[in-house]
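[1] need a structure here:
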Amino acid sequence: MDEASMNKEALRERVWDELDESGEARFPFPPHGRIPNFAGADAAAERLAETQAWTSADTVKANPDAPQLPVRRRALREGKTVYMAVPRLRDEKPFYELDPVEIPPDEYDSAPTVSHVEEYARQVGPDEMDPVDLIVSGSVAVTAAGARIGKGEGYSDLEFTVLREFGLVDDGTVTATTVHERQVVEESVPVVAHDVPMDLVVTPDRIVETNAPEPRDSSGAERDEQSKPVRIAWDELDAEQFAEIPILRQLDGED
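    Reported below is the predicted structural model:
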């Protein structure tokens with residue numbers, strides 16, 4: 001593990017411990033090893049809904065983790081199409097599409113849960129999706145400048161670049177994360193080419209506009225922490241990921 005990875009792992013462990021020991025973590029327990037659920041996740045979703053990025057969005061891609069469930073539910077209630085990734089992008093059609101028109105309103109709360117999404121969603125490939133207006137990511141930690149630390153598997157960042165390859169996200173696609181205030185860290189977070197910065201950091205108490213600039217060339221290993229990737233970092237993918245994710249083989253021309 002290189003120094004940057006060790007620094008990120010140390011921050012993860014600290015945030016997980018703080019949420020756990022403070023009593024601010026919520027089910028599922030323990031918060032360690034996952035995108036942690038937190039007290040106030042509903043309030044953070046409500047605060048996100050105050051933003052122009054939210055009100056103007058017709059389509060929202062959100063991660064499937066527990067702290068962003070209020071975001072997914074609210075999106076359906078407000079008539080927005082919700083996209084969620086199939087776990088680990090393992091299928092040829094690697095996204096779930098939840099269309100509020102096709103779901104009974106009294107089932108909006110159930111439809112975007114991990115345990116029920118397959119009952120309500122249409123599984124789609126990127127070629128069947130509408131452009132994404134807003135991406136909501138879960139985080140373990142994030143800086144006020146928008147540098148995000150996930151749980152360490154890299155799928156959230158990979159999903160962004162896959163969507164960009166298909167023209168479904170662009171410079172105007174807002175990226176946001178909803179987190180507990182304890183997850184907003186002051187340390188400088190090392191970032192590399194594939195890391196997707198957050199334009200909005202939203203807690204139950206505040207909205208931080210990071211003013212992340214437009215995407216830049218992602219060819220270098222280190223880069224400005226606010227610049228967005230413009231392509232898949234092929235040299236950073238391992239053989240197992242390539243073998244298990246059909247959409248990568250499609251983009252590489254093997255399928």
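[2] list the buried residues for the helix or strand of the chain with the lowest mean pLDDT?
    Every helix and strand of the chain was ranked by mean pLDDT, DSSP states H and E. The lowest is helix 239-244, at a mean of 88. Across helix 239-244, burial judged by 16 or more other C-beta atoms under 10 Å covers Q241. Bear in mind the C-beta positions are built from the backbone N, C-alpha and C, glycine included.
[3] any idea how far that helix is from the chain center?
    Between the centre of helix 239-244 and the centre of its chain there are 21 Å (C-alpha atoms, centre = their mean, to the nearest Å).
[4] what helices or strands is it leaning on?
    Helices and strands touching helix 239-244, by 3 or more C-beta pairs under 8 Å, 6 or more residues apart in numbering; DSSP states H and E, are helix 246-251.
[5] got phi/psi on the residue nearest to the spatial centre of the chain?
    In the chain, the residue lying closest to the centroid (C-alpha atoms, centre = their mean) is S137, at 2.3 Å. The phi/psi pair for S137 (degrees, to the nearest 10) reads phi -110, psi 150.
[6] over to V174?
    Phi and psi for V174, reported as degrees, to the nearest 10, are phi -80, psi 140.
[7] neighbours of the residue nearest to it when sequence neighbours are not counted, how many?
    Spatial nearest neighbour of V174, chain neighbours left out: A53 (4.0 Å); criterion: C-beta to C-beta, 6 or more residues apart in numbering. For A53, the neighbour count with other C-beta atoms under 10 Å is 23.
[8] before we move on, the earlier item: what's near enough to touch the residue nearest to the centre of the chain?
    Contact analysis of S137 by C-beta atoms under 8 Å, 6 or more residues apart in numbering lists 62-63, 68, 148, 150, 156, 175-177, 196, 198.
[9] again, 6 Å this time
    63, 156, 177 (C-beta atoms under 6 Å, 6 or more residues apart in numbering).
[10] circling back: any idea which helix or strand carries the residue nearest to V174?
    Assigned by DSSP states H and E, A53 belongs to helix 52-55.
[11] which residues sit against that helix?
    With C-beta under 6 Å, 6+ apart as the criterion, helix 52-55 contacts 48, 134, 174.
[12] drop anything exposed from those residues.
    Buried by 16+ other C-beta under 10 Å: 48, 134, 174, out of the contacts of helix 52-55.
[13] where does P28 fall, phi/psi-wise?
    The phi/psi pair for P28 (degrees, to the nearest 10) reads phi -80, psi 150.
[14] can you give me the neighbour number for it?
    P28: 11 neighbours (other C-beta under 10 Å).
[15] again, but for Q123
    When counting by other C-beta under 10 Å, one arrives at 15 neighbours for Q123.
[16] could you measure the nearest residue to it once chain neighbours are set aside against V136, distance?
    Once flanking residues are discounted, Q123 sits nearest to K93: 4.5 Å by C-beta to C-beta, 6+ apart. From K93 across to V136, the span is 21 Å (C-beta to C-beta, to the nearest Å).
[17] neighbour-wise, which of those two wins?
    Ranked by neighbour count (other C-beta under 10 Å), K93 and V136 place V136 first, with 26 against 17.
[18] which element is that one on?
    With DSSP H and E as criterion, V136 is part of strand 134-137.
[19] what does N7 give?
    Secondary structure (DSSP H and E) places N7 in helix 3-22.
[20] can you list the buried residues in that helix?
    Applying a neighbour-count criterion of 16+ other C-beta under 10 Å, one finds 7-8, 11-12, 15-16, 18-19 buried in helix 3-22.
[21] can I get those in JSON lines including pLDDT and distance to E97?
    Rendered in JSON lines, the data for those read as follows (pLDDT from 0 to 100; distance: C-beta to C-beta, whole Å):
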{"residue": "N7", "pLDDT": "87", "distance to E97": "37"}
{"residue": "K8", "pLDDT": "91", "distance to E97": "32"}
{"residue": "L11", "pLDDT": "95", "distance to E97": "34"}
{"residue": "R12", "pLDDT": "97", "distance to E97": "31"}
{"residue": "V15", "pLDDT": "98", "distance to E97": "32"}
{"residue": "W16", "pLDDT": "98", "distance to E97": "32"}
{"residue": "E18", "pLDDT": "98", "distance to E97": "36"}
{"residue": "L19", "pLDDT": "98", "distance to E97": "32"}
